[in-house]
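In: sequence first, predicted coordinates after that:
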Amino acid sequence: MRRTGTAVLVGAATFVVSAGAALGAAPRARVGSAPRLPDSVRVGHQVASSARVDLTVSLTGRDPLGMQRLAEAVSTPGSPQYRHFLSVRQVADRFGATPAQIAAVTRALRSDGLTVSPVSANRMMLSVSGSSGAVQDAFATRLASVRTADGRRAYADRRAPTLPASIASDVDAVVGLNTVYRPQADQVAHGARPLSQSLSGRSVADVATGGPQPCAAAASASQNPNIGGYTADEIQAAYNFTGLYGAGDLGAGQSVAVYELEKIKHSDLATYQSCYGTHARVSYVNTGHPRFSDDEEAGLDVEQIIGLAPRVHVIVYQAPDNFNVGVRQFNKIVSQNRARTVSVSWGLCEAKITFAHSDLSIVRTEDRIFQEAALQGQSVLSASGDTGSAGCETELDSTRLAVQDPASQPFVTGVGGTTLYTEVNGQLGLWNPNVVGEPALQAVWNDGEIKTSRGQQPAATTGGLSTLWAMPRYQRKAAAGLGVVNANSSGKPCHASGDCREIPDVSADGDPETGYVVYVSAGSSHAWTSEGGTSAAAPLWAALTAEADALPACRGASLGFENPAVYSLAARAGNFADITAANPVTGSANNDAVGRNHGLYPVSAGYDMATGLGTPNAAAVAANLCALRAPVYTVSIKRPNHHFVLIHHPVRIRFKGADSGRAKLRFRASHLPRGLTMSASGLLHGRPRKAGRYHIRVTATDHATNRATISYRLIVLRHRRHRRHRHS
């Protein structure tokens, strides 16, 4: 059996006897399944044997159940391992593939004429490339050219891939043998805008939050009834980022990785930062070349983070919009471990994944990547989707209940969407924080079906029951008063003995009618506009997470996977705004945008599968997440035997320490003789200038400020005749 993690559906390796087995050919075993293709595609001839094909081979790691359990333990308040995170190297040594596995798979693939890159740092993935002919021979499959309904050229394997049985058990998945299915951006441009159009002549002054303030161009766009939307300072006020800024927290020292499948225009970011007077560092990591020339999604994601956490370092990971490179990019973000927070605004509906890949190898591969993120203390925030409870409507033209991957993954925080508005004298409009007495109202985002360039499309926050994952412990064990387990809970979609995973976990403004003012490109146009979708809500939560990590109360350590802690906090008043109101325009009190799913899922007191636990009170959530931190590491220092040194002579005495969480220690010392210093690594060095007896205090501290202090006696001698005492 293959490793299953928390998956309910299980795939098993199937052994296949090759046609030449009777003549002594080695037996082969399946390492995946041939995808089913939608009726709308046209399958053509075999792909030219010289065409280049890029693949990702996911390797079978060690102790998958132990990895899952530890990922849960380091993320769960009250656990002895709570937030005792591992390094990438520690994860690789404990749970990655063995050197023998890596060597065997690499050797076999190279013998078939494929190029195999060195294994990833976590020892979980190999990047493989070669000609179509070599790939087809290596995996005993056939690649056919495909034309999709929108005219895009792709390819798909028409036979289940196999490998020699001697190495098949070392391979968990082969990703990239078809390029038909692509993740979608969870971003929605404004439509008819009944809210903003009611605000002709809206006058908005800057909001004194302590955070970035907009320039005239952004404010003008917000006031324009044909654009509307909120500037960053208004969102800061709406979700109480002001409390973080008042504490001096703008996210300094933190990094946020942004997962993108389109290229961002540097000039758009420069315009946005110039407008707000911010100077956030933005760097880029490419995993291939993105296809899109527009940056409506990427620009929205990055600008949202910068507008709310202006001193973070944003690392934009860019890749083409295909599932192979997308999975590889997730692994790169996690195995590089350069950012504590990861923001994802792209996804694929679960039904599309199961339709295409009955063996579920791809989602199991993702699950292991997100488990590693949890083990390393990385927070992954993912948009839940923008088509309501019919999560596959725009991908499979299906109005059935469905949710979206990766937001539905057990080790990911799924972020849904709400509406943020006001009502004065019966008139709906955008909330103005400068107007005294004007209420900030929140409701579920459900605009029903709206007219777009692609025809009528549902526009609502996606949520519901996963068909892939059983309900995680943090939901099963949530306080009964939250109502996580409710009348709509079920184990039927995921074939579980209990209930299925429910999403979203949390939410924030996502309605394009109450969207965010950003500067992005569409075609040849560069302009201030308003964008919405749950892909605006996910980076808002990413900004909040980064600022929480930066708080002194978090003592330099990260929040890590947030869900267990977030569900714990939701039972306390003051952390979340519970969303129970119907959408003010459509009157819908659920996320059934297509109107054919019996009103599922309705908003309710506590948790619901439209808005999750609700929207954040940023300052309270950040402070209380930090307050949950209790990783008590034991730090010890070993005393050197070296007590006697000579005046004016070189001294090099090494202090060594240990941390029970295997964290790196930093040393410092006080009461030193003149001429001696202590390095951060624990080396006492220099030339003492004055004889005497000194009682030095040496302290070793880890990243979470756990520490140990010892007193060390050092005697500085004047004469060489006392040298015999140096080792006493």
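Out: Here it is on my side, so go on.
In: Ile315 touches Arg338, doesn't it?
Out: Yes. Look at Ile315 against Arg338 with CB atoms under 8 Å: they come within range, at 5.9 Å. Heads up, the C-betas are built off the backbone N, CA and C, glycines and all.
In: who touches both of those two?
Out: 255, 257 (CB atoms under 8 Å, 6 or more residues apart in numbering).
In: who has more neighbours out of the two?
Out: Ile315 (19 against 16; other CB atoms under 10 Å).
In: any idea which helix or strand carries that one?
Out: strand 313-318 (DSSP states H and E).
In: note down every partner strand of that strand and its orientation.
Out: In the sheet containing strand 313-318, its partner strands are strand 255-260 (parallel), strand 281-286 (parallel), by DSSP bridges.
In: rounded mean pLDDT for that strand, please.
Out: When pLDDT is averaged along strand 313-318, the result is 96.
In: state the next helix or strand along the chain beyond it.
Out: In N-to-C order, the element after strand 313-318 by DSSP H and E is helix 323-336.
In: name the helices or strands packed onto that following helix?
Out: Applying 3 or more CB pairs under 8 Å, 6 or more residues apart in numbering; DSSP states H and E, we find helix 323-336 packed against strand 52-59, strand 125-131, strand 171-175, strand 255-260, strand 313-318, helix 361-376.
In: repeat that with 6 Å
Out: Counting contacts by 3 or more CB pairs under 6 Å, 6 or more residues apart in numbering; DSSP states H and E, helix 323-336 packs against strand 52-59, helix 361-376.
In: ok now do the closest residue to Arg340 other than its chain neighbours, which residues does it touch?
Out: Once flanking residues are discounted, Arg340 sits nearest to Ser558: 4.1 Å by CB to CB, 6 or more residues apart in numbering. By CB atoms under 6 Å, 6 or more residues apart in numbering, the residues touching Ser558 are 340, 377, 549.
In: 10 Å instead?
Out: Residues in contact with Ser558 (CB atoms under 10 Å, 6 or more residues apart in numbering) are 83, 85, 254, 339-341, 376-379, 545-546, 548-550, 629, 703.
In: could you do Ser267 as well?
Out: 295, 519, 521, 526.
In: low pLDDT regions in this protein?
Out: Applying pLDDT under 70 to the chain picks out residues 1-25, 187, 189-204, 290-293, 356-359, 452-454, 629-632, 661, 703-705, 720-728.
In: most centrally placed residue in it?
Out: With distances taken as CA atoms, centre = their mean, Val380 lies nearest the centre of the chain, 2.4 Å away.
In: helix or strand for Ala542, which one?
Out: With DSSP H and E as the test, Ala542 turns up in helix 534-550.
In: I misspoke; the intended subject was Leu65.
Out: Counting by DSSP H and E, Leu65 is found in helix 64-73.
In: show me the contact partners of that helix.
Out: So helix 64-73 is contacted by 2-6, 61, 63, 79-84, 86, 91, 94-96, 172, 364, 367-368, 370-376, 410-411, 472-474, 560-561, 564 (CB under 10 Å, 6+ apart).
In: going through these, which ones are buried?
Out: 2-6, 61, 81-84, 86, 91, 95-96, 172, 364, 367-368, 370-376, 410-411, 472-474, 560-561, 564 (16 or more other CB atoms under 10 Å).
In: wait, Ile503 sits on Val415?
Out: Yes. Taking CB atoms under 10 Å as the definition, Ile503 is a contact partner of Val415 at 9.1 Å.
In: more neighbours, those two?
Out: Val415 (32 against 29).
In: how about that one, secondary structure?
Out: Here Val415 is strand, with the state taken from DSSP: H, G, I helix; E, B strand; the rest coil.
In: all strands of the stretch 601-728 of the chain, in order?
Out: 615-616, 635-638, 644-646, 651-654, 656-659, 666-670, 676-678, 683-686, 692-701, 707-717 (DSSP state E, counting those that start in this stretch).
In: closest one to Ala538 among those?
Out: strand 615-616 (12.6 Å; CB to CB).
In: each with direction, which strands does that closest one pair with?
Out: strand 576-577 (antiparallel).
In: now do the partner strand: everything it contacts.
Out: Residues contacting strand 576-577 (CB under 10 Å, 6+ apart): 238-240, 418, 420, 440, 442, 506-508, 566, 569-570, 606-607, 611-617, 620-621.
In: ok now that strand, how far from the chain's centre?
Out: Here strand 576-577 shows a centroid-to-chain-centroid distance of 22 Å under the convention CA atoms, centre = their mean, to the nearest Å.
In: 35 is where my numbering starts, stick with that
Out: Okay, residue one is now 35; in that scheme the one you just asked about reads as strand 610-611.
In: got the domain ranges for the protein?
Out: The chain breaks down by automatic domain parsing into domains covering 49-95+130-209, 218-661, 669-759.
In: now, of those, which is deepest in the fold?
Out: Each of the domains of the chain was scored by mean neighbour count; the highest is domain 218-661, a mean of 22, by mean count of other CB atoms under 10 Å.
In: now do that one: distance from first to last residue.
Out: Terminal residues of domain 218-661 are spaced 37 Å apart (CA to CA, to the nearest Å).
In: ok, now stretch 442-453?
Out: Stretch 442-453: ends 22 Å apart by CA to CA.
In: tell me who's in contact with Lys526.
Out: 499, 501, 533-534.
In: apply 8 Å and report the result again.
Out: Contacts of Lys526 (CB under 8 Å, 6+ apart): Cys534.
In: helix/strand/coil for it?
Out: coil.
In: tell me the spacing between it and Thr447.
Out: Noted for Lys526: a distance of 25 Å to Thr447, by CB to CB, to the nearest Å.
In: now do Leu430
Out: Relative to Thr447, Leu430 is positioned 25 Å away (CB to CB).
In: try Thr132
Out: From Thr132 to Thr447 the distance is 32 Å (CB to CB).
In: equivalent analysis for Leu593, please.
Out: Counting by CB to CB - Leu593 and Thr447 are separated by 10 Å.
In: shared neighbours, those two?
Out: Joint contacts of Leu593 and Thr447 (CB under 8 Å, 6+ apart) are Ser413.
In: against Ala183, how distant is the spatially closest residue to Ser622 that is not a sequence neighbour?
Out: Leaving aside its chain neighbours, Ser622 sits nearest to Asn480 (4.1 Å; criterion: CB to CB, 6+ apart). Distance of Asn480 to Ala183, given as CB to CB: 27 Å.
In: again, but for Ala417
Out: Using CB to CB, we find Ala417 at a distance of 24 Å from Ala183.
In: what does Arg589 give?
Out: Following CB to CB, the distance that separates Arg589 from Ala183 is 53 Å.
In: tell me the contacts of the nearest residue to Gln443 once chain neighbours are set aside?
Out: What sits nearest to Gln443 in space, not counting adjacent residues and going by CB to CB, 6+ apart, is Phe404, at 5.3 Å. Shown in contact with Phe404 (CB under 8 Å, 6+ apart): 364, 368, 414, 440, 443-446.
In: and of the residues you listed, the nearest to Trp380?
Out: Closest to Trp380 out of the contacts of Phe404 is Pro440 (8.7 Å), distances taken as CB to CB.
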